[in-house]
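Novice: return a 3D structure for these sequence lines:
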Amino acid sequence: MTRHVLVAMDDSAPARAALEYALETVPDARFTVLHVVDELESHYGGQADVSDGSPTETTPSCFETAEELAAAHGIGVETALTSGPQPAAAILEYANGRAVDELVVGSAGRGGVSRVLLGSVAEALARRASCPVTIVS
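Specialist: I've put the predicted structure just below:
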């Protein structure tokens, strides 16, 4: 049976490193690249709105990056959007509903305050996930 690997993705270098690591380590896996849209940012910052389960604006640029990285390895990836005020909870909810075998996440995300928060996302995933979590820096 093919392993299902979920990679949490944003536009950060650690997220790209996490995807690269996953593609190189388990190239025969099924990959889902998940982007979490902060509900507040989606209303005020212009990100995609996924309140009804489908994006109403443009696809996040991190999906283009993910597809390009995967294509360079000769691998296809599925992409998915979800939303929530707490990224770790949104990632875990998504993973728990889809029989994910492993989570791969960057050690930190965006700069500034978001960097601190997304660093805590990796820690929360490591503590609360029901599957193995690989944190890539």
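Novice: can you map out the strands along the protein?
Specialist: Ranges of strands in the chain, per DSSP state E, are 4-8, 30-37, 78-83, 102-106, 133-136.
Novice: save those strands as TSV, and put in mean neighbour count and distance to Ala124 too.
Specialist: The way it works is simple: take the backbone N, C-alpha and C, and place the C-beta from them, glycine included. Conversion of those to TSV gives the following (neighbours: other C-beta atoms under 10 Å; distance: least, C-beta to C-beta, whole Å):
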stretch	mean neighbour count	distance to Ala124
strand 4-8	25	11
strand 30-37	23	12
strand 78-83	17	15
strand 102-106	26	10
strand 133-136	19	10
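Novice: select the helix or strand of this protein having the lowest average pLDDT value.
Specialist: When each helix and strand of the chain is scored by mean pLDDT, DSSP states H and E, helix 39-44 comes last, with a mean of 55.
Novice: picking that back up, how about CSV for the strands of the chain, with distance to Ala72 added?
Specialist: As requested, those are arranged in CSV below (distance: least, C-beta to C-beta, whole Å):
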stretch, distance to Ala72
strand 4-8, 15
strand 30-37, 13
strand 78-83, 16
strand 102-106, 17
strand 133-136, 17
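Novice: shaky segments in the protein?
Specialist: Scanning the chain for pLDDT under 70 picks out the ranges 40-58, 109-119.
Novice: if we can go back for a sec, quick check: which of the strands of the chain is nearest to Ala66?
Specialist: Ala66 sits nearest to strand 30-37 of all the strands of the chain, at 4.3 Å, using C-beta to C-beta.
Novice: ok, that closest one: who's next to it in the sheet?
Specialist: Strand pairing for strand 30-37, using DSSP bridges, gives strand 4-8 (parallel), strand 78-83 (parallel).
Novice: which parts of this structure are helices?
Specialist: In the chain, the helices defined using DSSP state H lie at 13-25, 39-44, 61-72, 87-96, 112-128.
Novice: which one of these lies nearest to Ser137?
Specialist: helix 13-25 (6.2 Å).
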